[in-house]
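Q: Quick one, structure for this:
(chains A and B)
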Amino acid sequence: MVLGRVRRALAEGPRDAGRDEPPVVRDYRRVHGSRTTAQTVELLAENLVDYRAVVHRSDAAGLPALIARLLAERGARSVVVPRGLPASWLDVALAAGSGLTRVADRAALTPAELDAVDSVVTGCAVAIAETGTLVLDAGPDQGRRRITLVPDHHVCVVRVPDQVVGSVPQALPRLAPDRPLTWISGPSATSDIELDRVEGVHGPRTLEVILLSVSGEPG
Amino acid sequence: MSGTYLGMPAFPRAADVSTRDTQLRANLTHATHTIRDKRAKAVAELDDWDQLRAAGAAVKDRVLRRLDHYLEQLEAAVTAAGGQVHWAADAEEANRIVTALVRETGEREVVKVKSMATQEIGLNQALEDAGIRAYETDLAELIVQLGDDLPSHILVPAIHRNRAEIRDIFRREMGRWGRPAPEGLSDSPAELAEAARLHLREKFLSAKVGISGANFMVAETGTLVVVESEGNGRMCLTLPETLISVVGIEKVVPTWQDLEIFLQLLPRSSTAERMNPYTSTWTGTTDGDGPRTFHLVLLDNGRTDTLADTVGRQALRCIRCSACLNVCPVYERAGGHAYGSPYPGPIGAILTPQLRGIQGPLEASLPYASSLCGACYEVCPVAIDIPEVLVHLRERVVEGGPVTRGGTRTVVKPAKGHAAERAAMRAAAWTFDHPGVLRRGMRLAARTRRLHPRRLPGPGRAWSRTRALPTVPAESFRDWWRRTRGESPSGPTGKRGAGE
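A: The predicted model follows:
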């Protein structure tokens, strides 16, 4: 019935439509400005900070200690970990005597159980420099969407420069539409009270991003 | 306020009240000026804004011209991905479908993502009538719901409330809906946001059914997109077992690539950010991640009637950014409630009369709720020529003419209140055609100028109540010309010309 109405509505007007309609002109930029790879990573860091994410830098060797430090500074007692996160990343944090409990991301984990977890550590699929955005696609090192939502502290590792693109038009072709995606730009926020921006409503109120340098690393 | 838009007065009457509310005026001026300056900065960062805007308009126009095709493609893709698609011709049918779907789950409570479409159809009321409680989870929608109020802005529905009013509402009402406001709650926005977080968390964690709208639906992939800031959207889209999305049929875009346009246009136009904090996309259902059941309710409710009007249909390009509200001098003074629908401001003035028809007094008055200054068109990220549609709708109100209502072509009569206007216009046309009559009329007007009233009597009273009458000069231009140049202004130029 709705489709019938659509067709009648279109039939009545001049139907300049049809099979041979010219393509939409896409003369907007693929990316704004020209930057080296290093400059693109720098812009990502700047824009993340501008929207109140906390940015750290590390190489592969220093990563486990950095993650351990961030969780300890936060006072985290438990951390939820996606199935495919490299185990070595949490070696230091979960070392015997650290007092930190590892919670596996599994389908049976209820929202209430998840609500009791302090932190979450994940990777990401793509990061967008111009907008300071991290995109998660529920891949093995990112886990179910809910684990980066309910805990109040999210540590996200971005492999630079491999996972960094300049712009939104460069990000979309690298993402699979059939996967559930979460685009994250800074911690959760609201401007609902007098258009005054407040960071931290329902999503994680603290977002820490580790730019993990992978250049020169084998594989 | 009673939580419903039914029986709202025509715009001038409502605005007559709201423009006297100094608190409202102060809240609105502060908020709209803050956001419009931020938006200008966010837009200025992109030197290809005009190209993005043109592409956004072109994609939406293309969708509208082949809407049947894209909707069928969307339905097939959503179904293939494990979703179920329902079609609703009007608000009543949509409410019936959603109510039945919630009942099937056996649940009596649902959590809601802020959604213009469900506001438009009055879903919360319909659910309540069926014994189902709907919790709004967007902070501003929560403020509106707890205050038994109506939204007054597309992006920030509680823009008409200041922080002290919000604190009072939270203190008074939160306990009646669930977890009460913390003791000693102050009016700092951070504390108020924290109170909302605590209040809503128990609802999110136990919710089995979520209800949302969507900002975009991608026809080729069957993907839905929700753009938000707080994380309440993510909660509603991922924690419940059943997700029901009610979306207007015009929200479809053809391809995944098209999102590269709208995900640049929308955040900068709306919250004036490079990107909003959270964007969720999902395609049907995903095993072990998020809802196991997904229903998509595709809503017409006047959209196909709007589509049938080739001038007015551009209103269906709207991506609900609200930039037009924030720059509108009329909105800034009258406030959102005067527009009598969930769509206030300039876009509401052209959308509401088209979705509902122009027969009601409110709908017939809305095309006049504008000074035609054109600021709305300037900022619109999909280049909707709102002044053009306003003038088009004014003509429809005054002259009547062919329209489509409920899918049927019909002819509306001219609106009642405009008979005097039409008579005046006819008389003016005749007078301008008869120079002798015009001259005598103007001389008469000049000689009697001391006797002119400040307000028109009779049918002209309504017109002059909100306008200052022009003062008539002692001498008409035509007489002045004749006296100083000794010739008729409409006559041949004669000896004038060379050397002038």
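
Q: what's stretch B:18-38 in contact with?
A: For stretch B:18-38, the surrounding residues in contact (C-beta atoms under 8 Å, 6 or more residues apart in numbering or on different chains) are A:194-195, B:156, B:159-162, B:271-272, B:323, B:325-327, B:331-335, B:337-338, B:379. C-beta coordinates here come from the backbone N, C-alpha and C atoms, glycine included.

Q: Would you confirm that B:P267 contacts B:N276?
A: Yes - the pair B:P267 / B:N276 is scored as a contact, 4.6 Å apart, by C-beta atoms under 8 Å.

Q: Give the intersection of the neighbour lists for the two.
A: Shared contacts of B:P267 and B:N276, defined by C-beta under 8 Å, 6+ apart, are found at B:V227.

Q: What subset of the contacts of stretch B:18-38 is buried?
A: When burial is judged by neighbour count using 16 or more other C-beta atoms under 10 Å in any protein chain shown, the buried members of the contacts of stretch B:18-38 are A:194-195, B:156, B:159-162, B:271-272, B:323, B:325-327, B:331-332, B:334-335, B:337-338, B:379.

Q: Output the residue of chain A whose distance to chain B is smallest.
A: Ranking the residues of chain A by distance to chain B (C-beta to the nearest C-beta) places A:G203 first, at 2.8 Å.

Q: Is there proximity between the helix or strand harbouring B:L200 and chain A?
A: Assigned by DSSP states H and E, B:L200 falls within helix B:189-206. Yes - with C-beta under 8 Å from any C-beta of the partner chain as the threshold, helix B:189-206 lies in contact with chain A, specifically through B:189-190, B:192-194, B:196-197, B:200-201, B:204-206.

Q: wait, does the helix or strand of chain A with the lowest mean pLDDT make contact with chain B?
A: Taking mean pLDDT, DSSP states H and E as the measure, strand A:198-199 is the helix or strand of chain A with the lowest mean score, a mean of 86. Yes - legend: contact between strand A:198-199 and chain B by C-beta under 8 Å from any C-beta is shown at A:V198.

Q: Partner strands of that strand, with direction?
A: According to DSSP bridges, the neighbouring strands of strand A:198-199, each with its direction, are strand A:189-190 (antiparallel).

Q: can you list contacts of the strand it pairs with?
A: Strand A:189-190 is touched from outside by A:51-52, A:197-201, B:139-140, B:189, B:193, B:229-230, B:277, with contacts defined as C-beta under 8 Å, 6+ apart.

Q: Tell me the one of those nearest B:G360?
A: Comparing the contacts of strand A:189-190 against B:G360 with C-beta to C-beta places B:A140 closest, at 27.5 Å.

Q: Could you report the neighbour count for that closest one?
A: Burial measure for B:A140: 25 neighbouring residues, criterion other C-beta atoms under 10 Å in any protein chain shown.

Q: Let's verify it: helix, strand, or coil?
A: Taking DSSP: H, G, I helix; E, B strand; the rest coil as the rule, one finds B:A140 in the helix state.

Q: Go ahead and confirm B:S186 touches B:R167.
A: Yes - under the criterion of C-beta under 8 Å, B:S186 makes contact with B:R167 at 6.8 Å.
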